[in-house]
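Novice: Fold the following and give me the result.
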Amino acid sequence: MNHDCQQYIINYIEMHRRYELPVEVATAFWWDTPPDRNARQKLERELILKWRSPFNNENWELWCQPFGKFS
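Specialist: Sure thing, here's the model as predicted:
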């Protein structure tokens, strides 16, 4: 799976500015992330489902795919 966060963020900001909507982008990193890969993936899945981010394909059915495909 390829994560293209930078392009998503650029498009997110661009769309908000185009429609004169307020926009802020923040990122966070958790330094105490579990070292075990399976534990990290389980935690990631739980957080994706909890926060329902439109940037995660698990939630595209709810929000639709943001910004379409990139070339």
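
Novice: center of the chain, which residue is that?
Specialist: Of all residues in the chain, the one closest to the mean position by CA atoms, centre = their mean is residue 55, 3.4 Å from it.

Novice: my guess is that residue meets residue 8, correct?
Specialist: Yes. Counting by CB atoms under 8 Å, residue 55 does reach residue 8; the two are 5.5 Å apart. To be clear about C-beta, it is placed using only N, CA and C from the backbone, and glycine gets the same treatment.

Novice: if we can go back for a sec, and the pLDDT at the residue nearest to the centre of the chain?
Specialist: Note for residue 55: predicted pLDDT of 70.

Novice: In what element of secondary structure is it found?
Specialist: Using DSSP states H and E, residue 55 sits within no helix or strand.

Novice: go on, residue 7?
Specialist: Here residue 7 is assigned to helix 5-18, by DSSP H and E.

Novice: Which positions within that helix qualify as buried?
Specialist: Residues of helix 5-18 classed as buried: 8, 12 (neighbour count, 16 or more other CB atoms under 10 Å).

Novice: who touches residue 60 in this structure?
Specialist: Neighbour list for residue 60: residue 54 [criterion: CB atoms under 8 Å, 6 or more residues apart in numbering].

Novice: at 6 Å instead, please
Specialist: Neighbour list for residue 60: empty [criterion: CB atoms under 6 Å, 6 or more residues apart in numbering].
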